[in-house]
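1. one predicted model, sequence on top.
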Amino acid sequence: MTPRILTAAASAAAEIVAARLEAIAAAAGTPAYVYEAGHIRAAYAQLDAAFGGTPHAIHYAMKANSSLAIVRLVRTLGSAADANSMGEVEVALRCGFAPSEIVFTGVGKRHEELERAVSLGLLAINVESPGELERLAALAADRGAVARVALRVNPDIDARSHPHISTGLKANKFGVPIEMAPALFRDIAARPSLAAVGIHVHIGSQITTLDPLERAAEAIVRLARALGDEGIHIEHLDFGGGVGIAYDGGAAPDPAEYVRRIVGAAGGSGLKLAIEPGRVLIGPAGVLLTRVVDVKQFPGARRFVVLDAGMTELMRPALYGAFHRIDPVRPRPGQPVPADIVGPICESTDTFARDRELLPVEVGDLMVIRDAGAYGAAMGSNYLRRPFPPEVMVDGAAWRITRRRQTLDDMLALEEDSADPKTRKGPER
Ligand SMILES: Cc1ncc(COP(=O)(O)O)c(C=O)c1O
């Protein structure tokens with residue numbers, strides 16, 4: 001599935017795409033994130049339909065992009081929410097999700113976060129350690145509440161993804177070793193302040209072969225069966241997220257095939273099956289719209305194309321050496337020439353691509369960095385006092401700015417500011 005804002009195959013369509021991106025750049029400025037609602041709807045529908053009649057839930061992984069417009073859109077499609085922090089839980093509530101539609105994951109939850117999660121009565125708190133279980137049980141007992149618990153297990157399965165986004169190996173900090181799970185579930189069952197509602201597994205992200213995901217699914221199905229044999233009955237199996245996308249435009253796992261494998265592994269369990277997709281729903285639906293601010297080449301040296309977007313807007317290349325396709329909005333005639341495509345930030349790692357074959361570009365040209373819908377805006381930073389860019393939602397022929405560009409005043413609003421007469425205390429000498 002190829003989102004329309006990203007392609008320029010037929011020339012009439014290409015003209016519409018280019019004109020729209022130019023209009024967006026004129027109104028919102030650059031850099032800006034541009035998302036296409038239709039793509040998100042289609043990607044969601046594909047996953048949902050692939051479950052057929054099997055009872056299931058799609059918990060959108062908000063960490064991929066928790067902008068209000070995206071979360072609200074996903075909610076209208078029938079999704080539940082997977083929140084990776086209390087901030088994300090609060091955003092989910094603000095977007096209209098009921099507490100019974102939110103699961104709360106996170107490797108280091110603070111006391112106040114657990115308190116809030118218990119008082120809200122979330123669908124599940126995904127517990128990551130025996131210590132956390134103990135703390136949660138005590139806290140819920142103090143309040144006379146019953147916390148709904150899913151245990152995050154670590155199946156020691158290699159996701160064969162980038163090491164920085166693999167989470168299902170013993171060497172990773174996530175979850176509890178799966179062989180410890182039966183004892184912990186017995187513990188949960190014995191505590192009146194806890195209810196065992198699920199098993200959770202998430203072995204990594206940007207996984208491009210389905211086998212590890214299927215094996216993880218089989219592992220938690222076996223665990224659920226063993227628990228059932230002991231009389232411990234849960235409500236759902238949560239297989240996490242992780243399905244990869246084709247950043248290079250080549251082949252990627254088929255999301256529907258992924259769901260079929262999950263259903264194949266777990267459909268007979270009689271339990272509700274949950275998945276937590278992030279990237280596969282949102283990644284290809286967004287581009288980072290940016291402008292060329294400099295082109296430089298010195299004798300015998302590389303050619304640098306400098307963009308007005310950098311690692312502050314899309315951290316993935318700097319963080320994981322990730323590949324993103326980068327194209328001019330209006331390709332100029334000529335032959336592609338190798339270039340390093342870089343951001344404007346004073347870090348050598350602020351590099352989007354090295355030796356990339358790129359059509360001729362000039363200062364002022366608009367460019368798109370593709371597949372930036374997930375882990376783009378969500379990972380943004382104010383490094384170098386760079387403001388958060390605007391976000392734009394394209395829906396059919398219409399588009400709107402769903403987040404304005406951050407101003408310096410927005411950025412400084414939390415700080416003591418001697419230039420602001422309202423907060424100035426006067427020089428202390
Ligand atoms: C617990 C959990 N669930 C779901 C996801 C979403 O993963 P992805 O965006 O790869 O689908 C993540 C991201 O790593 C995660 O940590």
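-> Received it, and whenever you're ready, just let me know what you need. Numbers count the residues shown, from 1 in each chain.

2. so which residues on the stretch 51-200 of the chain come close to the ligand?
-> 61, 63, 64, 82, 84, 105 (CB under 6 Å from any ligand atom). Bear in mind the C-beta positions are built from the backbone N, C-alpha and C, glycine included.

3. closest to the ligand among the residues you listed?
-> Nearest to the ligand among those, counting by CB to the nearest ligand atom, is residue 61 at 3.4 Å.

4. quick one: distance of the strand ranked longest in the chain to the chain centre.
-> With DSSP state E applied, the strand covering the greatest number of residues in the chain is identified as strand 286-297. Here the centre of strand 286-297 is set off from its chain's centre by 24 Å, with CA atoms, centre = their mean, to the nearest Å.

5. partner strands of that strand, parallel or antiparallel?
-> With DSSP bridges as the criterion, the sheet partners recorded for strand 286-297 are strand 32-36 (antiparallel), strand 303-307 (antiparallel), strand 366-369 (antiparallel).

6. quick one: which of those is nearest the ligand?
-> strand 32-36 (15.3 Å).

7. rewinding a little: the strands paired with strand 286-297: which one's closest to residue 400?
-> strand 32-36 (10.8 Å; CB to CB).

8. now do the next helix or strand after that closest one against strand 286-297, angle only.
-> Per DSSP states H and E, strand 32-36 leads on to helix 37-50 as the next helix or strand towards the C-terminus. The directions of helix 37-50 and strand 286-297 differ by 130 degrees, with axes from the mean of the first three to the mean of the last three CA atoms, to 10 degrees as the criterion.

9. which neighbours in the sheet does the next helix or strand after helix 37-50 have, and how are they oriented?
-> Beyond helix 37-50 on the C-terminal side, the first helix or strand identified by DSSP H and E is strand 56-61. According to DSSP bridges, the neighbouring strands of strand 56-61, each with its direction, are strand 80-83 (parallel), strand 272-275 (parallel).

10. export these to JSON lines and tack on distance to residue 138 and mean neighbour count?
-> Shown next, in JSON lines, are the strands paired with strand 56-61 (distance: least, CB to CB, whole Å; neighbours: other CB atoms under 10 Å):
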{"stretch": "strand 80-83", "distance to residue 138": "23", "mean neighbour count": "27"}
{"stretch": "strand 272-275", "distance to residue 138": "27", "mean neighbour count": "23"}
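
11. of all the ones you listed, which lies closest to residue 300?
-> Among these, the nearest to residue 300 by CB to CB is strand 80-83 (50.8 Å).

12. quick check: mean pLDDT across the closest one?
-> Averaging pLDDT along strand 80-83 yields 98.

13. same question, stretch 218-225
-> When pLDDT is averaged along stretch 218-225, the result is 97.

14. now it: buried residues?
-> By 16 or more other CB atoms under 10 Å, the buried positions in stretch 218-225 come out as 218, 219, 220, 221, 223, 224.

15. need the contact partners of that stretch.
-> Outside stretch 218-225, the residues that touch it by CB atoms under 8 Å, 6 or more residues apart in numbering are 153, 155, 157, 178, 181-182, 199, 201, 234, 237, 239, 265-266, 269, 271.

16. picking that back up, the buried residues of stretch 218-225 into a markdown table, with extra columns for secondary structure and distance to the ligand?
-> Below are the buried residues of stretch 218-225 laid out as a markdown table (DSSP: H, G, I helix; E, B strand; the rest coil; distance: CB to the nearest ligand atom, whole Å):
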| residue | secondary structure | distance to the ligand |
| --- | --- | --- |
| 218 | helix | 19 |
| 219 | helix | 16 |
| 220 | helix | 14 |
| 221 | helix | 18 |
| 223 | helix | 17 |
| 224 | helix | 18 |
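
17. count the residues that sit near residue 52.
-> Residue 52 is surrounded by 11 other residues when neighbours are defined as other CB atoms under 10 Å.

18. ditto for residue 170
-> For residue 170, which is what you asked about, the neighbour count (other CB under 10 Å) is 10.

19. give the contact list for it.
-> The contact partners of residue 170, taken as CB under 8 Å, 6+ apart, are 154, 156, 177.

20. now with 10 Å, please.
-> When the contact criterion is CB atoms under 10 Å, 6 or more residues apart in numbering, the partners of residue 170 are 154, 155, 156, 157, 177, 178.

21. most widely separated two among those?
-> Between all members of those, the longest pairwise span (CB to CB) is found for 157 and 177 and amounts to 11.8 Å.

22. one step back: of all the strands paired with strand 56-61, which one comes closest to residue 289?
-> So among the strands paired with strand 56-61, strand 80-83 is nearest, using CB to CB, at 27.5 Å.

23. just checking the longest strand of the chain against the ligand, any contact.
-> No - contact check for strand 286-297 against the ligand, using CB under 6 Å from any ligand atom: none in range, with a minimum separation of 13.0 Å.

24. number of residues surrounding residue 252?
-> Summarising burial for residue 252: neighbours were counted as other CB under 10 Å, giving 16.

25. next one: residue 229
-> 8.

26. scan the contacts of residue 170 and report the most crowded one.
-> Across the contacts of residue 170, neighbour numbers were computed from other CB under 10 Å; residue 154 holds the maximum, 25 neighbours.

27. okay, and the beta partners of it?
-> Going by DSSP bridges, residue 154 is paired in beta bridges with residue 177.

28. that one contacts residue 128, correct?
-> Yes - Residue 154 lies in contact with residue 128 (CB atoms under 10 Å); the separation is 9.1 Å.

29. need the overlap of contacts for those two.
-> 173, 174, 175, 176.

30. phi and psi next, for the residue nearest to the spatial centre of the chain.
-> In the chain, the residue lying closest to the centroid (CA atoms, centre = their mean) is residue 64, at 1.2 Å. Its backbone dihedrals place residue 64 at phi -70, psi -40, with angles given as degrees, to the nearest 10.
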